[in-house]
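In: my questions are about this predicted structure, shown below with the sequence.
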Amino acid sequence: MSQKILILGVNGFIGSSLTERILNEKPDWEVYGMDMSTHKLQESIDNERFHFIEGDITINKEWIAYHIKKCDVVLPLVAIATPSTYVNDPLRVFELDFEANLEIIRQCVRHKKRVLFPSTSEVYGMSSDSEFHEEDSNLVLGPIHKERWIYSCSKQLMDRVIYAYGKHEDFKFTLFRPFNWVGPKLDNILEQKEGGSRVLTQFISNILHGKDIKLVNGGQQRRSFTCIDDGISALMKIIENKDGCAQGRIFNIGNPKNDVSIKELAELLVSLIKTYPKYASMAANTKLITVEGKDYYGAGYQDVSARVPSIQNAMQYLNWEPTTDLEASLRKTLDYHLADPNSDI
Ligand code: UGA
């Protein structure tokens, strides 16, 4: 069935990858996208089924209103998703991730458009469950002065608003929760400022700039890293929504088999970069050091010690399962950044 898909934040890590997959695999689907730049969209920008406009969701409201009416499915992907910003600029996180997106959600409710909203693994916070389950796990956040939780809390509130619209106003939605997706185009590895990236890209950047890898609080905390390709496969199934399988549901999209400590991630990364001749000596010279969370991020930081998704819902309703192991996920990211030995970092 042909679909018109509106992606706000189309030049982001998820938006750009999803657009590429849609254009490659679905000859009768069209993508309408807005973002503030196009640098992650090289593969898609010239495709006649991709309609891009440069703009800001907080300013270009008319374009958005028109395209919400025109399209079948809306993915509002614009958000700040880097922990250092939660701590250092929490109000901007609330304004963009919650307030700006709420306006868009309300328009979708008004025009009865289906929404796929990016919730987050962060909503589970410091839950002690060995696997986080969409319907059963409690969502556990720290005290107010631990400002890190403003992102989790903003996303959780939006989840609750969307759920309520679904239950009480016949709104069609799916919430998806990425668990530490990694891959090409996640963050800019040339960015020298520490804290501006998610952990994998931060570590790659540190190695290539001859800096120590900083293990926050010793690096015993764990994450389940998920290859973007697997994540996008899940999103495709959610958009397809075969027999309404995704309707009104929440899906963790993660890879429980790729559960490692941050220290193990650093060690694996160093060993993999040693296999790229141009960068091997940089990896060999990299030291792993421990830093305190409050020194690295600020006093408002608090961490999650373990984060493993239950993917029962996604397996059962979407018939989806991740297939890319951690090493392959890292190699794919590294190949993107390093494989061409003549390219600059
Ligand atoms: C992330 C971000 O909030 C979002 O990208 C997203 O919503 C969600 O989780 C997700 O992707 O599932 P987090 O996993 O804490 O949160 O973010 P990272 O910046 O990737 O950090 C992972 C861990 O590495 C943290 O424990 C952090 O303290 C540690 N870290 C980070 C270091 O030890 N050293 C660094 O230089 C950077």
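Out: That came in fine, so what should we check first?
In: what sits closest to residue 237 if chain neighbours are left out?
Out: Nearest residue to residue 237, sequence neighbours excluded (C-beta to C-beta, 6 or more residues apart in numbering): residue 318, at 4.4 Å. (Glycine included, C-beta is placed from N, CA and C.)
In: tell me the pLDDT of that neighbour.
Out: The model reports residue 318 with a pLDDT of 98.
In: residues in this structure within reach of the ligand, list them.
Out: The chain comes close to the ligand at residues 81, 83, 120-122, 151, 178-181, 198-199, 202, 214-216, 219, 221, 223, 262, 303, as judged by C-beta under 6 Å from any ligand atom.
In: from the residues you listed, which ones fall inside strands?
Out: Residues of the residues of the chain next to the ligand located in strands (DSSP state E): 178, 181, 214-216, 223.
In: most remote residue from the middle of the chain, which is it?
Out: Relative to the C-alpha centroid of the chain, counting by C-alpha atoms, centre = their mean, residue 281 is the outermost residue, at 31.3 Å.
In: secondary structure element for that residue?
Out: Assigned by DSSP states H and E, residue 281 belongs to helix 280-284.
In: repeat for residue 32
Out: Assigned by DSSP H and E, residue 32 belongs to strand 29-35.
In: Produce a ChimeraX select command limited to the buried residues of the residues of the chain next to the ligand.
Out: Selection of the buried residues among those in ChimeraX, burial being defined by 16 or more other C-beta atoms under 10 Å:
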select :81,83,120,121,122,151,178,179,180,181,198,199,202,214,215,216,219,221,223,262
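In: tell me which residues of stretch 27-43 are tucked away?
Out: 29-35, 40-41.
In: with stretch 184-200 instead?
Out: Within stretch 184-200, the residues that count as buried by 16+ other C-beta under 10 Å are 184-187, 189, 194-195, 197-200.
In: do stretch 119-134 as well
Out: In stretch 119-134, counting by 16+ other C-beta under 10 Å, buried: 119-127, 131-134.
In: that older thread, list the helices and strands the strand holding residue 32 packs on?
Out: Applying 3 or more C-beta pairs under 8 Å, 6 or more residues apart in numbering; DSSP states H and E, one finds that strand 29-35 makes contact with strand 3-8, helix 13-25, strand 50-54, helix 61-70.
In: as TSV, the buried residues of stretch 27-43 with distance to residue 236 and pLDDT would be great.
Out: Formatted as TSV, the buried residues of stretch 27-43 follow (distance: C-beta to C-beta, whole Å; pLDDT from 0 to 100):
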residue	distance to residue 236	pLDDT
29	10	98
30	15	98
31	13	98
32	17	98
33	16	98
34	21	98
35	20	98
40	18	96
41	18	97
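In: ok, and what's touching the helix holding residue 281?
Out: Residues outside helix 280-284 that contact it (C-beta atoms under 8 Å, 6 or more residues apart in numbering) are 207-208, 210, 270-271, 273-274.
In: and the next helix or strand past it?
Out: Sequence order places strand 288-291 as the next helix or strand after helix 280-284, per DSSP H and E.
In: which residues of the stretch 201-345 of the chain score low on pLDDT?
Out: By pLDDT under 70, the low-scoring segments of the stretch 201-345 of the chain are 341-345.
In: ranges for the strands of it?
Out: According to DSSP state E, counting those that start in this stretch, the stretch 201-345 of the chain carries its strands in the segments 213-216, 222-224, 226-227, 250-253, 259-261, 288-291.
In: using PDB, list the CA coordinates for stretch 56-69.
Out: Written as PDB, here are the backbone C-alpha positions of stretch 56-69 (Å, rounded to 0.1, in the frame of the first residue of the first chain):
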ATOM      1  CA  ASP A  56      12.900  24.500  12.200                       C
ATOM      2  CA  ILE A  57       9.800  22.800  13.800                       C
ATOM      3  CA  THR A  58       9.400  25.700  16.200                       C
ATOM      4  CA  ILE A  59       9.200  28.200  13.300                       C
ATOM      5  CA  ASN A  60       8.000  26.600  10.100                       C
ATOM      6  CA  LYS A  61       4.600  25.700  11.500                       C
ATOM      7  CA  GLU A  62       2.500  26.300   8.300                       C
ATOM      8  CA  TRP A  63       4.500  23.700   6.400                       C
ATOM      9  CA  ILE A  64       4.100  21.200   9.100                       C
ATOM     10  CA  ALA A  65       0.400  21.800   9.500                       C
ATOM     11  CA  TYR A  66      -0.100  21.400   5.700                       C
ATOM     12  CA  HIS A  67       2.000  18.200   5.600                       C
ATOM     13  CA  ILE A  68       0.300  16.600   8.600                       C
ATOM     14  CA  LYS A  69      -2.900  16.900   6.700                       C
END
